[in-house]
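Engineer: Here you go, sequence then predicted model.
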Amino acid sequence: GQYMTPAAIANFMASMFTLSKNMRLLDAGAGTGSLSCAFIDRALSNTKSKVELEAWEIEPVLRDYLNTSFKIYKDEFTTRFSYSVSDGDFIEQSCFLAEAGINNPFTHAILNPPYKKLSTSSDHRKYLRKAEIETVNLYAGFTALAILLLAKKGELVVIIPRSFCNGPYYKPFRELIFRECAIKQIHLFDSRKMAFKDDDVLQENIIIYMVKGVKQDDVKITSTLGADFTNIETSTSSFKDIVQPDDKEKFIRIPNDDNSEYLSPNVCTDTLDEIGVSVSTGPVVDFRHKKSLRQYPNNDEDSVPLFYSHHFVNQKFEWPKEHKKPNAIVVNDETRRWLRPAGDYVIVKRFSSKEEKRRVVAHHLKSSDVSTDLIGLENHWNFFHKDKKGLDPTFARGLCVFLNSTILDKHFRVFSGHTQVNATDLRVMKYPSRDKLIALGKKVRSIPSDQAKIDKLVDEIM
């Protein structure tokens, strides 16, 4: 889960810091040392500065690179540079420091932490909880610990996946950031593959610059069109636009030129409660009901349709369909609670594929599409419903058109940097009024597959 930092990114990250006379630098998950070296190059170009470096790297091969590089600096800057390379587990050992209190905190930290999901029962998850850190990924654990190990007014620059900006699982991590630090700058990459173009990284990455224990002011937003940082776009956003004061989930919304077309607050005024609907994750987890799954409906059994994403392509519905996944599920005592009454639902894919241009891909599942009283919605869907039952068909068409619009997609990308669409993401958004969505639904008999037509319809209503 570790990706080495290209030199151009390392140099840019090092340039974000404010330097002082005596600096104590942390580089956890140091890799080959490109981040530390970029910092040292900049810091020691000032003849009055001194740097004490603490690098952590668990891989022996990489530690050889670190020691070779740092020895060069030590030989050149004998009295102004010192270093140590720890071979320990950063999370395990630093959690105890954070819990007990650190005597010699860091003034600066520069990180490109490893990415790896943490199971609830993992040792690293247990260590982090000792330091009152709750998170689901190594990168958030590394970053949270670095924050706790900083001195007051200490500075952190880190490149991490943007996935922490939204979703319920990263809420404790976001709250820790806001409690301990002020966000000074966020840097976006124009392309998903720009940061680590030689690696198979699907996450969208950002660079974030934070200062511990100071007042939160406006946030500088930068973005780059190329990997060499020669063409940087710069703007400033109010923090209340980045983290909206009334947002209980504390989503981090990052505006840039590509998604500057916001949903107008004068049009998108209502919560889901106000338009009278709810959104939930598809309740059927197929591997838990293997004995009840059927490739095709069976007249000899009480089986009903089970819908997957491959049943809906380009707004065309095809069921049953030849596929490795089943088309039906048997109704019995084990499955009945996970099924829903047939009706009109708006269903949204939880995972968008690489070839899809939009993050939010919605479909209208009509009551006329099925002939059974119950249906199964597989867990890779989110679905809009009214008390776990279907919606008014006209309203459902309008909501579906709105969710498939380009302006909604741009708005969604402000706070979502990955291909997953969580029910929570859809729940915290504001929507046009119910009347506007019904008016939109009256304009179409079926959901268009043409993006230009969808956008024209939404523009006319909004």
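Structural biologist: Ah, there it is. Numbers count the residues shown, from 1 in each chain.
Engineer: CA atoms for contacts and neighbours, from now on please.
Structural biologist: Will do.
Engineer: neighbours of P6, just the number please.
Structural biologist: Residues lying near P6 (other C-alpha atoms under 10 Å) number 16.
Engineer: L188 versus that one, what's the distance?
Structural biologist: Using C-alpha to C-alpha, to the nearest Å, one gets 16 Å for the distance from P6 to L188.
Engineer: ok, now F229?
Structural biologist: 11 Å.
Engineer: Neighbour count: the two, which is higher?
Structural biologist: Per other C-alpha under 10 Å, whichever of F229 and L188 has more neighbours is L188, with 24 against 15.
Engineer: Could you list the alpha-carbon positions for the helix or strand containing that one in CSV?
Structural biologist: Taking DSSP states H and E as the criterion, L188 maps to strand 181-189. Taking C-alpha atoms only, strand 181-189 is exported to CSV below (Å, rounded to 0.1, in the frame of the first residue of the first chain):
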residue,chain,number,x,y,z
CYS,A,181,-5.7,22.0,13.1
ALA,A,182,-6.4,24.8,10.7
ILE,A,183,-6.5,23.9,7.1
LYS,A,184,-4.3,26.4,5.2
GLN,A,185,-4.1,25.0,1.7
ILE,A,186,-5.5,22.2,-0.4
HIS,A,187,-4.0,21.2,-3.7
LEU,A,188,-5.9,19.2,-6.3
PHE,A,189,-4.7,17.2,-9.3
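Engineer: State the next helix or strand along the chain beyond it.
Structural biologist: strand 205-212.
Engineer: Let me see the residues that make contact with that next one.
Structural biologist: 13, 16, 147, 150-162, 180-189, 192, 195, 417 (C-alpha atoms under 8 Å, 6 or more residues apart in numbering).
Engineer: again, but for stretch 223-243
Structural biologist: Identification of contacts with stretch 223-243 by C-alpha under 8 Å, 6+ apart yields 8-9, 12, 187-191, 194-195, 216-222, 250-256.
Engineer: from those residues, which ones fall inside helices?
Structural biologist: 8-9, 12 (DSSP state H).
Engineer: May I ask which of those has the most neighbours?
Structural biologist: Neighbour-wise, those (other C-alpha under 10 Å) top out at I9, 20 neighbours.
Engineer: how much space is there between that one and K386?
Structural biologist: For I9, the distance to K386 (C-alpha to C-alpha) stands at 48 Å.
Engineer: Show me which strand runs longest in the protein.
Structural biologist: strand 150-161 (DSSP state E).
Engineer: model confidence over whatever helix or strand K126 lives in, on average?
Structural biologist: Using DSSP H and E, K126 sits in helix 123-130. The average of the pLDDT scores along helix 123-130 is 91.
Engineer: Figure out how far that helix is from the centre of its chain.
Structural biologist: Taking C-alpha atoms, centre = their mean, to the nearest Å, the mean C-alpha location of helix 123-130 is offset from the chain mean by 22 Å.
Engineer: Give the next helix or strand downstream of it.
Structural biologist: Using DSSP H and E, the next helix or strand after helix 123-130 towards the C-terminus is helix 138-148.
Engineer: Any buried residues in the lowest-mean-pLDDT helix or strand in the chain, and which?
Structural biologist: Every helix and strand of the chain was ranked by mean pLDDT, DSSP states H and E. The lowest is helix 90-100, at a mean of 80. If you call a residue buried by 16 or more other C-alpha atoms under 10 Å, then helix 90-100 has these buried ones: 90-92, 94-95, 97-98.
Engineer: could you check the angle strand 150-161 makes with that helix?
Structural biologist: Helix 90-100 runs at 150 degrees relative to strand 150-161, counting by axes from the mean of the first three to the mean of the last three C-alpha atoms, to 10 degrees.
Engineer: just checking, what packs against helix 90-100?
Structural biologist: helix 123-130, helix 138-148 (3 or more C-alpha pairs under 8 Å, 6 or more residues apart in numbering; DSSP states H and E).
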